[in-house]
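Asks: got a predicted structure here, sequence first:
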Amino acid sequence: MEFIDGYPEYMRRSIKKVEATREERISLVMEPMSAEEREKVLSTYHPDYMKEGKRPLKVGASKGEIVHHETANILEARPQVIPDEIDLSCINHDVDILIIGGGGAGTVAALHAVYEGILPENVLVTTKLRHGDANSMMAQGGIQAADSLDDEPSLHFLDAMGGGHFANKPDLVKALVMDAPKIIEWHQRLGVMYDREADGHFVERPGGGTSRPRLHSAKDYTGMEIMRVIRDEARNLGLEVEEFSPAVELLTDGDTVTGAVLMDLETREYSIIRAKSVILATGGYGRLHIQGYPTTNHYGATADGLVLAYRVGAKITDMDSAQYHPTGAAFPEPILGQLITEKVRGMGAIPVNADGETFVFPLEPRDVESASFIRECQARGKGIETPTGMVGVWLDSPMIEEIHGPGTIKKELIAMWRMEHQFGIDMSQDPILVFPTLHYQNGGVEIDVNGWTGIPGLYAGGEVAGGVHGKNRLMGNSLLDYNVFGRRAGISAAIHAKKTSPGKITLDHVIEFNSLLDEAGIDTERRSPMVLPDYRGERAIARALNISI
Amino acid sequence: MGKNKISVYIMGKEHRVPEGLTIMKALEYAGYRLVRGCGCRAGFCGACATIYRKKGDYKLYTALACQTTAESGMYLTQLPFIPANKSEYDIEKIKAGPNTILSIYPEVARCVACNTCTKACPQDIQVMDYIQAVKRGDITRAAELSFNCLQCGLCTARCPSEIKHYHVAQLARRLHGRYLATKSEPLSKRNRELEEGCFENEIDEMIELKPEDLKKRYFEREIKVSE
């Protein structure tokens, strides 16, 4: 097959049609869908509306909740830890606060626990890979905060509620939008380099489902810029981070969470941590590949915290809803499923089909936009098939240069430009091919406005927690979520730790959970938490010998 | 994924892998279950710093394993960890002066301008130029030039002058963001309003609305997103 500037010749024919209609698209005013139109496209085409992908949970505090099979499979699984094999008499670390997860939420929680008066040496952050290896690092487009003159937190509230189909917990959304300007102020003080106008105010862009331009960005490395600054701050404060040490089980005194069992990923040695407060900041579940979708997520996004919380009796909410980001890369093969930031649409690129026709308002909430892409490809047959059999629609990125001037993409979307360029495509000249990709866990562990899970001693913040986004998160609300609820969880955990003595540590809940599985008739070999996915080649797995040496 | 297979040499050992995979996926195809050297898998975290040589070539090249296609004849190894020292400082107590960074990272003055750091950077950053900017005391220039840094550490691993470029750059960006960038007045105004209790009632009223009334207000809200 002959390739011309990254695309095979037959795809070039479709690109010609996209180019032919570009001029008229620049000035085109498109209208968003009505409530009825949204409902129709979602119920017919969105993957989450397909009932066969899910089942009700048979055990636990949220028994009866409908979740995806992939989620049920890890919740209804045997604990990895076998209580008889663990010696609880030797405590490796005795701390005030244990934070499980070294991404955005965990780091923000650690910093705020210290601001609240806990000594850094009495906080332990543990993480399965490196400090900062997290979806927080990968967020590109921006963070929402209603701080412009013609914007208000109440509009941000309304946008988030509507985007989430009004299933969000309103008090959590209120906390999210009211804390947002304070979070940006904190970042400014730490030295985060947001993009600014000449007068010092932020460059703010719209996102899908926002009624005002409200996205603060740092080029398209927004998540990385925030994460590397807060990580640097944590290092300056002397906060200890145990890397390559995932938590594989919590410890309790029967009612209260009192610590966790960690495992060194390389030596396999376990360690026992006793803590007065425990914060779950383990992120989401993209690497479960819900409904077989590729994912934008980090290697470690396997929902470990959800599993651990569920086993000690925490409830989960909105776990029937996954976010499929409309614009995952569909071509070329090496970047399949990787994220094309929503900022590309925020800056004016419009999705078009194989014939160069527009088919959807470019800034619908993500679920509506994704469902429309699926409709265009599957029902209308207007997608473009790649040489490996993927089907996608065009995102007409050269429009950005037409609207904002030549060179804009390399200036404001440098991460995207680099990724495409690395694999032979110049997105300032040619459109890019996209299709929905698994992006975000909308629901999670139930929390209150203080990040408390309802289980004494256990707090949660960030993607592991649910309720903030209802059934669909808006762009720019996840970076905000981990800052707002990471902070709140850190403060609450600190307050709790100050008035608590170290507790008894047991694994009784593991024994109880095993009995619950037996009573529910769940006869399974599955073990969880998963910790990491396994992407080895089939042949290599089939021929691997499991012998001790 | 192509049907044709190519030979790559993982830490010196030959493996046959399909053509067209990234280096990271080639390692996995060959049977490696990655723990070190794998993070975001999308070019944002810098975990997969890779050093390789090509058959018949004497040069050592650098790459991110998740953002580079494996080629026939590559001798591959990954850096599991970079033990570079980061200086600790209190961002509130330091000032953005011309010698601030040099006083915290004095080894910057040892730069011999060999440009090895720039050649090693998988993000194509002009690393040596920002180190020179630091030497001149131009913090903003260093902050801007280094912005796309993923902190993979390859520059530092290759530097003959023991400079910790990526930590130096982090400090430059924080100094710029904290002290040199013009601050947002509307943000300060909004935070003053929030401290005075503004917007509380408006949101509480919406929380009290009947679901159908909230829904109506949402679909009737004015959308002003054009620039």
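Replies: Looks like it came in fine. For clarity, every value in this text was computed on a predicted model and none was experimentally measured. Residues are numbered from 1 along each chain as shown, chains lettered A, B, ... in the order given.
Asks: use CA for all of it now, contacts and neighbours both
Replies: Will do.
Asks: what about the helices in chain B?
Replies: Ranges of helices within chain B are B:23-29, B:100-104, B:116-120, B:127-136, B:139-145, B:154-158, B:165-175, B:185-195, B:200-208, B:211-220, based on DSSP state H.
Asks: so which of the ones you listed is the most surrounded?
Replies: Ranked by average neighbour count under the criterion mean count of other C-alpha atoms under 10 Å in any protein chain shown, those are headed by helix B:165-175 at a mean of 25.
Asks: of all the helices of chain B, which one is nearest A:Glu342?
Replies: helix B:211-220 (21.8 Å; C-alpha to C-alpha).
Asks: quick one, domains of chain A?
Replies: A:3-49+A:325-438, A:78-321+A:442-498 (automatic domain parsing).
Asks: need the winner for burial among those.
Replies: domain A:78-321+A:442-498 (a mean of 23).
Asks: so which helix or strand takes in the nearest residue to A:Asp426 once chain neighbours are set aside?
Replies: Using C-alpha to C-alpha, 6 or more residues apart in numbering or on different chains and skipping residues adjacent in sequence, the residue nearest A:Asp426 is A:Glu420, 6.5 Å away. A:Glu420 is part of helix A:414-422, with elements assigned from DSSP states H and E.
Asks: pull the residues that contact that helix.
Replies: A:219-221, A:340-341, A:409-410, A:426-428, B:43, B:67-68, B:148 (C-alpha atoms under 8 Å, 6 or more residues apart in numbering or on different chains).
Asks: mind redoing it with 7 Å?
Replies: A:Asp220, A:Tyr221, A:Ile340, A:Ile409, A:Lys410, A:Asp426, A:Met427, B:Gln67 (C-alpha atoms under 7 Å, 6 or more residues apart in numbering or on different chains).
Asks: contacting residues for B:His15?
Replies: For B:His15, the contacting residues are B:Ser7, B:Val8, B:Tyr9, B:Ala30, by C-alpha under 7 Å, 6+ apart.
Asks: scan those and report the most crowded one.
Replies: Highest neighbour count within the contacts of B:His15, by other C-alpha atoms under 10 Å in any protein chain shown: B:Val8, with 25 neighbours.
Asks: residue contacts, that one?
Replies: B:Glu14, B:His15, B:Arg16, B:Ser72, B:Gly73, B:Met74, B:Tyr75.
Asks: point to the residue nearest the middle of the chain.
Replies: Let's take chain A. Nearest to the mean C-alpha position of chain A, by C-alpha atoms, centre = their mean, lies A:Tyr440 at 4.1 Å.
Asks: sorry, I should have been clearer: chain B.
Replies: Centroid-nearest residue in chain B: B:Leu150, 1.9 Å away (criterion: C-alpha atoms, centre = their mean).
Asks: what does that one show for phi and psi?
Replies: phi -100, psi 0 (degrees, to the nearest 10).
Asks: right, and it touches B:Cys45 too?
Replies: Yes. Using C-alpha atoms under 7 Å, B:Leu150 is in contact with B:Cys45, at 5.7 Å.
Asks: rewinding a little: now tabulate the domains of chain A in CSV and tack on mean pLDDT.
Replies: Shown next, in CSV, are these (pLDDT from 0 to 100):
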stretch, mean pLDDT
domain A:3-49+A:325-438, 95
domain A:78-321+A:442-498, 97
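Asks: possible to save those as TSV with distance to A:Leu516?
Replies: Shown next, in TSV, are these (distance: least, C-alpha to C-alpha, whole Å):
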stretch	distance to A:Leu516
domain A:3-49+A:325-438	28
domain A:78-321+A:442-498	10
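Asks: mind checking which of the ones you listed is nearest B:Lys119?
Replies: Of all the domains of chain A, it is domain A:3-49+A:325-438 that lies closest to B:Lys119, at 16.5 Å by C-alpha to C-alpha.
Asks: what's the first-to-last distance across that closest one?
Replies: Domain A:3-49+A:325-438 has its terminal residues 29 Å apart, counting by C-alpha to C-alpha, to the nearest Å.
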